[in-house]
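Participant: can you look at this prediction? I've put the sequence above it.
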Amino acid sequence: MQTLKIVVTGPFSSGKTEFIQSISEIDVVSTERKISRSAERIKSATTVAMDFGRITIDEDLILYLFGTPGQRRFDFMWEILSEGMLGFIVLVDSTRPETFREARRILDTFRSYSPVPYIVAANKQDMEDAWPAEDLKIVLQVEEGVKVVPCVAVKKDSVKQVLLELLYSILELMDEEE
């Protein structure tokens, strides 16, 4: 039995918790807490330590999903959660361009922790004002060969497609190393 640790990160309110909840076969272990009134217009709770979910791919492979907190005041958890990861996903709310700079900062931070494969998931692609994945790739200055995948974090099939794309990138790297 092989287990893979995948980290799901991104700015505040980008959909990390929903992403993990949509696909996890176990009840997600979540450390959400109520947040101040100033942020309530976006959402009423935020992850303060991590979210944890699990998916069995087949009898030989299990994915452990670790969702990071999105607020900077909890970013001390990022390095802890990144230990042992074999890949990560940067989830971006593609309807909120004001968060794109923060998404890039998070991407750079996680790249500095470990040179593992990663992809960018362009969340909320079902919304009319969502930026297309191709445009996000340009705006976020995502390096050549890294995929930016359209996503709707509340839809299991969409989340599954994002995870498969990351798994393909991880397997590709493993093949190169052999």
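Facilitator: Right, received. Where do you want to start?
Participant: report the buried residues of the top helix by length along the chain.
Facilitator: For the chain, the helix with the greatest residue count under DSSP state H is helix 156-177. For helix 156-177, a neighbour-count test (16 or more other Cβ atoms under 10 Å) marks 158, 159, 162, 163, 165, 166, 167, 169, 170 as buried. Using the backbone N, CA and C atoms, a C-beta is placed for each residue, glycine as well.
Participant: ok, so of those, who is nearest residue 129?
Facilitator: Among those, residue 158 lies closest to residue 129 (Cβ to Cβ), at 17.9 Å.
Participant: spatially nearest residue to that closest one (excluding sequence neighbours)?
Facilitator: Using Cβ to Cβ, 6 or more residues apart in numbering and skipping residues adjacent in sequence, the residue nearest residue 158 is residue 152, 4.4 Å away.
Participant: contacts only, for that neighbour.
Facilitator: Shown in contact with residue 152 (Cβ atoms under 8 Å, 6 or more residues apart in numbering): 123, 124, 125, 126, 158.
Participant: give me phi/psi at it?
Facilitator: phi -130, psi 100 (degrees, to the nearest 10).
Participant: distance check, it against residue 85.
Facilitator: From residue 152 across to residue 85, the span is 24 Å (Cβ to Cβ, to the nearest Å).
Participant: can I get the CA coordinates of the helix or strand hosting residue 80 in CSV?
Facilitator: Residue 80 belongs to helix 76-82 when assigned by DSSP states H and E. Output of helix 76-82 as CSV, limited to C-alpha atoms (Å, rounded to 0.1, in the frame of the first residue of the first chain):
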residue,chain,number,x,y,z
PHE,A,76,3.3,29.3,10.0
MET,A,77,1.3,26.1,9.3
TRP,A,78,2.4,26.0,5.6
GLU,A,79,5.9,24.7,6.1
ILE,A,80,4.7,22.1,8.6
LEU,A,81,2.0,20.8,6.2
SER,A,82,4.4,20.8,3.3
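Participant: might one say that residue 62 is in contact with residue 26?
Facilitator: No - counting by Cβ atoms under 8 Å, residue 26 is not a contact partner of residue 62; they are 10.7 Å apart.
Participant: between those two, what contacts are shared?
Facilitator: Residues touching both residue 62 and residue 26 by Cβ under 8 Å, 6+ apart: residue 54.
Participant: which one's more surrounded, the two?
Facilitator: Between residue 62 and residue 26, residue 62 has the larger neighbour count (other Cβ atoms under 10 Å), namely 15 against 10.
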